[in-house]
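1. need coordinates for the following:
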Amino acid sequence: MLKELYTAAMGMLPQQTRMEVIANNMANASTTGFKRSSVFERNLIDAKSNFYNVPGDAEQNDPPTGEYTDYSQGSYEQTNNPLDVAIETQNGFFLVQDQDGNSFLTRSGNFKLSDEGYIVTYDGKNLMGNDQTPLRISKEIYNSELSAETSKSLNINIDGSGRLSVNEKSLGAIQLVNVSNLESLEQISSTDFIVRSDTNLEYLTPEETAVRQGWIEDSNVSIVNEMVAMIELQRMFEAGSKVIQTNDGTLDRSIRLGTYQ
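-> Residues are numbered from 1 along each chain as shown. So this is what the prediction gives:
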């Protein structure tokens, strides 16, 4: 009787994980540069060993599922914002850096100007140039105070190879990096990734770079597909729940019968 309870519960755990992943995908469906996640079965329970009551198999130390990221490109959306940049390079990422000097990779190309004139992400990370320094528009280029709206009054141009110029003055080029083994990246937020020791990272030159100014790359999440998967998971989860309820009721009746004897 307990075996049926364990089997049903272990079948529900992966469905619960999948539901959480789908919910996160749907929550980030409108997040620029977001890459959807999915779940796979990492290992299966050995039913024969469980039948012979081998300890430790019914409740595994590691979760029975693993999560992976789908790096397929999302659709492009034109914004006409000069600081919006979409990557066309296959497996390419922007290199950004926080105030502590930590580096991150991202496909989210909606940038803005900081009060100091740096081109930054909306959470404040600096966009890095190909000289390994943050890209910055100095105050000498114009006389007005820097603000988030300043970019609309400046002639900011980013060509197809990522070269940046403001008011016809060259300021360097956007640094893109290429990752050949995408599965080695670790996702730490909805749009940011960090490299690991086994990541094959290549710094691209402007000649190898392909970007599109005034465009952003949307999330690669399909709301329709996620909704269909969520409905299927709910039905499977309910089926497992009914199995547990049925076996629990049977076990309860068995205990009562044993008590009466």
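
2. looking at the chain, which helix is longest?
-> helix 223-260 (DSSP state H).

3. wasn't Ser170 part of a helix?
-> No: if the criterion is DSSP: H, G, I helix; E, B strand; the rest coil, then Ser170 is strand and not within a helix.

4. so the closest residue in space to it that isn't next to it in sequence bridges to which residues?
-> Leaving aside its chain neighbours, Ser170 sits nearest to Arg163 (6.9 Å; criterion: C-beta to C-beta, 6 or more residues apart in numbering). C-beta: built from backbone N, CA, C; applies to glycine. Beta-bridge partners of Arg163, counted by DSSP bridges, are Ala173.

5. contacting residues for Arg163?
-> Ser170, Gly172, Ala173, Ile174, Pro206 (C-beta atoms under 8 Å, 6 or more residues apart in numbering).

6. surely the third one and Leu164 touch.
-> Yes: contact between Ala173 and Leu164 holds when scored by C-beta atoms under 8 Å: they sit 6.4 Å apart.

7. helices of this protein, start to end?
-> Under DSSP H, the chain gives helices at 2-27, 47-51, 223-260.

8. ok, back up a step: so what's in contact with Ala173 and Leu164 at the same time?
-> In contact with both Ala173 and Leu164: Gly129, using C-beta under 8 Å, 6+ apart.

9. wait, Thr205 touches Thr89, no?
-> No: judged on C-beta under 8 Å, Thr205 makes no contact with Thr89 at a distance of 11.2 Å.

10. which of the residues in the longest helix of the chain are buried?
-> Neighbour-count burial for helix 223-260 flags Glu226, Ala229, Met230, Leu233, Met236, Phe237, Gly240, Val243, Ile244, Asn247 (criterion: 16 or more other C-beta atoms under 10 Å).
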